[in-house]
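Student: Okay, sequence plus prediction incoming.
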Amino acid sequence: MSVQNNQRDDLSTELEDLVATSDTGARKPHGFTGKLIVSVAAAWSLFQLWIASPLPYLVGFGVFNSAESRSIHLAFAIFLGFMAFPALKRSPRERVPVLDWVLAFAASFCAAYLFIFYTELASRPGNPTTLDVIVGVAGLVLLLEATRRALGPPLMVVALVFLVYCLAGPYMPGIMAHRGVSIEALVNHQWLTSQGVFGIALGVSTSFVFLFVLFGSLLDKAGAGNYFIKVAFSLLGHYRGGPAKAAVVASAMTGLISGSSIANVVTTGTFTVPMMKRVGFSSEKAGAVEVASSVNGQIMPPVMGAAAFLMVEYVGISYVDVIKHAFLPALISYIALVYIVHLEAMKADMQGLQSSNPPRPLLRKIFGFMTGLILLMALSFAVYYGLGWLKPLLGDAAGWVIGACLLVVYVGLLKVGSRYPVLEMDDPESPVVTLPQTKPTVMSGLHYILPVIVLVWCLMVERLSPGLSAFWATVLMIVIIITQRPLMAMFRGESKLAHDLHEGLDDLWQGLVAGARNMIGIGIATAAAGIIVGAVAQTGVGLVLADLVEILSMGNLMLMLILTAILSLILGMGLPTTANYIVVSALLAPVIVTLGQQNGLIVPLIAVHLFVFYFGIMADVTPPVGLASFAAAAVSGGDPIRTGFQAFYYSLRTAALPFLFIFNTDLLLIDVTFWQGIVVFIVATIAMLIFAAGTQGWLLVRSRWYESVLMLLVAFTLFRPGFWMDMIHDPYQSIPPAEIATALDRVDEGSNLRIQISGKDDIGSARTFYVLMPVPDGETGEERLEETGLMLMQDGDRTLVDMVTYGSMAADLGFDFDQEIIEVLAPVDRWAKEWMWIPGFLLFMLIIGLQWRRRPDAQASVATAPGGNNV
């Protein structure tokens, strides 16, 4: 028994080291140095809470502009980077060498230089002094070293290559050559402005990401992580392959509050992986299920591994819109993973764990679920419309009244939870594991859901900024983490006020420290990625890469997407997801949009950014460098490479989704009504389940090869019905460009014209592209054309753009003076593309019929029937 305990302790230490090395820093010194690191981390969290709150504006003190905030943010991150991450593997872990002290203070001074000398720098923009240049050069060198320590060499090497490219432009070959920049210009652009290191990416890290990471850290310290795991196991643990299904759901819930796939693997995997192995999963498959579900936590809103906040800035849409577009693919992906796990259990004839819930008839279960759902919806409507009625009535006092009501609800939920036993973390290695009962488990931690509701409410209903929404949710989380123990103990009649308050304050302190340490890598990564973005802007290398990629893809959009996916996977093997997304989206997202326009496909920018992001997270899975796979293998005892390949196989559905929503933006809920969205969700979910069955080779029984092929064909038809309908009936009718006003008169308001344009790009090269012009209001075609802001002229047989009104729809679409309109395509009446779902479903029913006859029980009944071959 002691040997097992020692092995378990060794594994726990190994996993902590793995997470520390990749996320929080492997160095844990004692004494004064250890206290200093912890204190600086807590101070960073408190600073972020301060600048996110309304308090600075109320008291008139501590108000920082965006440049000052970013400077202080990076100073904290880079100081902790040098103090918490050792330089080499053989470097000491228990103490900080003198050199690292020097580097930490020097780097933090360079980062804080913008804040300290902000007034002087603002008075001489673009004219750096000798001191500015020295500090900038030192800052860039130290940032690269901090990047190497915290994130490994790849991001450091990529950033260094771009810096060298900036300086060595005149010596570059062929199309790669440019004028080059001086040291002074490079330092000014990269370190003293908001175009490089202190650019959008670091700004997002400062304003939004830190607060969400801190919120998740506090929620986990309060016990929500254990609560999510327990709830998932109580609901799903007794089904076929139940622990694996519970692992998927637990990782999805953990992914709501965690931006790290590796931390997610370790947090949930230490409990779920041994349970999966117990019901029959091999070590590699158990680890792969945990990897696939944990990595997918990064595509689950609202946090999405910090990418959601970056998309707000890069795409130029609201945070709520990002969440709306990203939610459906993430949900479908998780549902499909649960189904994949079910198919694995069916293949191996696995059973679930013993349930401790009292047996209930199926109808009663359905009735209970529907009753709870209806009550929840009724409560949601009551709160929504009740607050809408109360806020105007209460005026300035509304905030205090709502806060008091929230406090009453919180205390009430604690009172309810106190009637049930405390949720203890079970030992998954113990010989007997009894699943917790569902009702006591759910009821004991309902108060953990309250901060998440507040977060979603502030974002979706109040439409507060992401930073302010996370601030209020974090404030409630701080109240919960301090008061839940004393109140629970009081309700249970076990009150030890001083002791309980001390433990709550200790949890808060640890949460503040953990949140900051989890942010070290993200803060440094966004700063280093800013070097790359700044270099692209300063040298124009983005246009060169666009030409290069277009040459490699031969103008084919699908090949271009495949090349982008491969590049994202390769970069993601060494770069953290956030940095990978910043780099690839900065370099290739505009290229995909442009190439799509040239191919006649109008690709929304959000679809391209999600495409890049999805393949960025796949790199955490993909061998040979998939860190999440190595973490899962350490938990399961399996082979990390085989675990990675199995996880990639399970993640094929995640790799397929980006290609689908590039060509069918309905999946991203773009330009669909509420009811259309419901239909799209149902059909897309069915399609993804069929895709999963096709790739796993099992539906009702083991599939034959042609059945798997047919299932993939059915899934494609359900996902992209327009592909087949376009073959049957062209969706557009070609109209001579001179008759564009007539076309606008004929089509319905709210529809779109597809217009092919020939002109020149920003650097004077000829290009041909398509735009999608919405049909505006107007009684006649001429009025509608005038409403677009487009004025045309005829030059013989050619239709040219004569003038474009500034700020008009035409200007926003890319129309410009002297462009030629090549073709106008107007929509025609035809059958809706959704009619193609019918043959798809009929073909699927045929496959079900073929497999139904091969079921073991069906064959047994035939064998025992009169006249059968019953031996």
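Tutor: Yep, that arrived.
Student: In terms of pLDDT, where does Ser356 sit?
Tutor: pLDDT for Ser356: 66.
Student: could you pull out the strands for the chain?
Tutor: 732-735, 752-760, 766-774, 790-795, 798-804, 820-827 (DSSP state E).
Student: Quick one: closest of those to Leu379.
Tutor: strand 766-774 (39.0 Å; CB to CB). Glycine gets a C-beta too; all of them are placed from N, C-alpha and C.
Student: any idea of the angle the closest one forms with strand 820-827?
Tutor: Orientation of strand 766-774 against strand 820-827 (axes from the mean of the first three to the mean of the last three CA atoms, to 10 degrees) gives an angle of 30 degrees.
Student: which parts of strand 766-774 are buried?
Tutor: For strand 766-774, the neighbour count (16 or more other CB atoms under 10 Å) marks 769-771, 773 as buried.
Student: just so I have it, where are all the helices in the stretch 701-850 of the chain?
Tutor: With helices called from DSSP state H, counting those that start in this stretch, the stretch 701-850 of the chain shows them at 705-719, 721-728, 740-746, 781-788, 809-813, 837-852.
Student: now swap in the stretch 401-550 of the chain and tell me
Tutor: Going by DSSP H, counting those that start in this stretch, the stretch 401-550 of the chain shows helices at 438-444, 449-460, 466-491, 497-539, 541-553.
Student: Give me the neighbour count for the closest residue to Asp620 other than its chain neighbours.
Tutor: Leaving out its chain neighbours, the residue that sits closest to Asp620 by CB to CB, 6 or more residues apart in numbering is Ala628, at 4.4 Å. Neighbour count for Ala628, taken as other CB atoms under 10 Å: 31.
Student: Quick check, pLDDT for Ala628.
Tutor: The pLDDT attached to Ala628 in the predicted structure is 76.
Student: Just list the residues touching it, thanks.
Tutor: 261-262, 265, 291, 294-295, 620-621, 647 (CB atoms under 8 Å, 6 or more residues apart in numbering).
Student: Assess the claim that Met618 and Leu571 are in contact.
Tutor: No - with contact defined as CB atoms under 8 Å, Met618 does not reach Leu571; the gap is 11.3 Å.
Student: I figured Leu219 was touching Ile449, is that so?
Tutor: No - with contacts counted by CB under 8 Å, Leu219 stays clear of Ile449, the gap being 10.1 Å.
Student: For these two, indicate the residue with more neighbours.
Tutor: For Leu219 versus Ile449, neighbours defined as other CB under 10 Å are more numerous around Leu219 (27 against 15).
Student: now the strands of the chain as a markdown table including distance to Arg278 and mean pLDDT?
Tutor: Shown next, in a markdown table, are the strands of the chain (distance: least, CB to CB, whole Å; pLDDT from 0 to 100):
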| stretch | distance to Arg278 | mean pLDDT |
| --- | --- | --- |
| strand 732-735 | 58 | 82 |
| strand 752-760 | 56 | 83 |
| strand 766-774 | 54 | 80 |
| strand 790-795 | 67 | 84 |
| strand 798-804 | 68 | 85 |
| strand 820-827 | 57 | 84 |
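Student: For those strands, could you give me a markdown table that also reports distance to Phe716?
Tutor: Formatted as a markdown table, the strands of the chain follow (distance: least, CB to CB, whole Å):
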| stretch | distance to Phe716 |
| --- | --- |
| strand 732-735 | 23 |
| strand 752-760 | 24 |
| strand 766-774 | 24 |
| strand 790-795 | 38 |
| strand 798-804 | 38 |
| strand 820-827 | 24 |
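Student: of the ones you listed, which approaches Trp400 most closely?
Tutor: Trp400 lies closest, by CB to CB, to one member of the strands of the chain: strand 766-774, at 44.8 Å.
Student: Distance check, Leu785 against Leu214.
Tutor: To Leu214, Leu785 is 53 Å away according to CB to CB, to the nearest Å.
Student: nope, Phe228 is what I meant
Tutor: Distance from Phe228 to Leu214, by CB to CB: 18 Å.
Student: between Leu785 and Leu214, who's got more neighbours?
Tutor: Using other CB under 10 Å, the more surrounded residue of Leu785 and Leu214 is Leu214, with 27 against 22.
Student: where does the more buried one land on pLDDT?
Tutor: 88.
Student: got it, and the one 3 residues further on?
Tutor: We have a pLDDT of 85 for Ser217.
Student: what's the answer for the one 3 residues further on, then?
Tutor: Per-residue pLDDT puts Asp220 at 83.
Student: ok, so what distance separates it from Leu413?
Tutor: For Asp220 relative to Leu413 (CB to CB), the value is 19 Å.
Student: Break this structure down into its domains, please.
Tutor: Following automatic domain parsing, the chain resolves into domains at 21-238+354-358+398-539, 732-829.
Student: quick one, helices of the stretch 201-350 of the chain?
Tutor: Using DSSP H, counting those that start in this stretch, helices in the stretch 201-350 of the chain cover 210-222, 224-236, 242-255, 261-278, 283-295, 307-315, 319-347.
Student: how about the shortest one: buried residues?
Tutor: The one in question is helix 307-315. 307-312, 314-315.
Student: can you check stretch 731-741 too?
Tutor: 732, 735, 737, 740-741.
Student: Out of those, flag the one nearest to Gly781.
Tutor: Ala741 (3.9 Å).
Student: I appreciate the help and will end here.
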